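Undergrad: Sharing a model that was predicted from the sequence below.
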Amino acid sequence: MVHRFSPKRFFNVLGGHGPVLRIAPGDTLITSTLDAHGIDQNDEQKATSPNPVAGPFYVEGAEPGDTLVVEILRVTLTRETGWSSTVLADNLVEPSYVRILPEKEYAKWRIDAQADTATLIEPATYHAKITLPLCPLIGCLGVAPPDGQVLSTRTSAEHGGNMDYRGAAQGATLYFPVFENGALFYVGDIHAAQGDAEAAGTGIETSAEVELRFSVRKKYSICWPRGEKETYIFTIGNARPLEQAVQHATTEMHRWLCDECNHDAVSASILMGQCAQYVIGNAFNPAFTVSCTILKKHLSY
């Protein structure tokens, strides 16, 4: 079944809300999202910042100890404009350099879905034209946090949240640990494009329509978000300091290789030691995001 859901209310937290829609495993959800400031596809203010999300969506049969599977079938941008920060994030540059950075403003971008590009149109005084390929991603997605917590959409943890990871894009399948009955899934904060680490504190923020398909792996427990695309698998750690996020992502990948890829602790360690790749999803939010990636061609070793 395909569910078309038009949100009437958006939230700035994950957790603490009753479900807005119940979905059976195998069903598809099509829903709309706002940008990080709460602006919709018609440039109307529909919610407040930061990062308003739609949901929560209750997936039938999902229980604590299960894994929620979310396939990102489509991310369709619904606006011809986007915005981004004009200045690097303070915490990503040397402390002495912060004082010489200009005051932060917002740049404006023209999104051309037909040409598959985003072009900088403001500030007009910029000396060079910047045109980038579109690479839409879902910045904030995840389930209700453990232990009844209610966590801001500014941050992330083992439930997912505001990870701003470029791998959370069309064609990806993500896996989330389930902490509450129904999983209670939220989604929002679309970026038309974004560099690794979210160095300026934003992507090109805009609105979108997303199409997601859900299923549940019963009695299969994971500790941190996982995912896969056509050529690789990845695990995600969300924490601060950055070293701790790396530890979570590394540990979860080792578990995955041992649980499902016919490796023991030694062979998994050897493989990761030579083949693991790491990406900083973001180094701006309260919790940093790091992914650990293994190419699928190495999983047969």
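TA: Yep, it's here.

Undergrad: Let me see the contact set for the residue nearest to Tyr186 when sequence neighbours are not counted.
TA: Leaving out its chain neighbours, the residue that sits closest to Tyr186 by CB to CB, 6 or more residues apart in numbering is Gly55, at 3.7 Å. (Glycine included, C-beta is placed from N, CA and C.) Listed by CB atoms under 8 Å, 6 or more residues apart in numbering, the contact set of Gly55 reads Phe11, His17, Pro19, Val20, Leu184, Phe185, Tyr186, Val187.

Undergrad: phi, psi of the second one?
TA: Comment: the main-chain dihedrals of His17 come out as phi -130, psi 150, following degrees, to the nearest 10.

Undergrad: That one is in contact with Ala54, isn't it?
TA: No. Between His17 and Ala54 there is no contact under CB atoms under 8 Å: 11.0 Å.

Undergrad: could you flag which of the contacts of Gly55 are buried?
TA: Phe11, Pro19, Val20, Leu184, Phe185, Tyr186, Val187 (16 or more other CB atoms under 10 Å).

Undergrad: can you tell me how far the third one sits from His3?
TA: When CB to CB, to the nearest Å is applied, the distance between Val20 and His3 equals 11 Å.

Undergrad: do the same with the last one
TA: Summarising the geometry, the distance separating Val187 from His3, computed by CB to CB, is 13 Å.

Undergrad: now do the first one
TA: Shown here: Phe11 relative to His3, a distance of 19 Å by CB to CB.

Undergrad: Same check on Thr235?
TA: 29 Å.

Undergrad: Please identify which of the two sits among more neighbours.
TA: Thr235 (27 against 16; other CB atoms under 10 Å).

Undergrad: That one touches Ala245, doesn't it?
TA: No. Counting by CB under 8 Å, Thr235 does not reach Ala245; the two are 10.9 Å apart.

Undergrad: all helices of this structure, in order?
TA: 95-98, 242-260, 265-275 (DSSP state H).

Undergrad: how about the strands in the stretch 201-301 of the chain?
TA: For the stretch 201-301 of the chain, the strands defined by DSSP state E, counting those that start in this stretch occupy 205-206, 208-217, 226-228, 232-239, 277-282, 288-295.

Undergrad: residues near the spatially closest residue to Thr67 that is not a sequence neighbour, how many?
TA: With CB to CB, 6+ apart as the measure, Arg217 is the residue that lies nearest to Thr67, at 4.1 Å, once sequence neighbours are left out. Arg217 has 15 neighbours, counted by other CB under 10 Å.

Undergrad: Cool, thanks, signing off.
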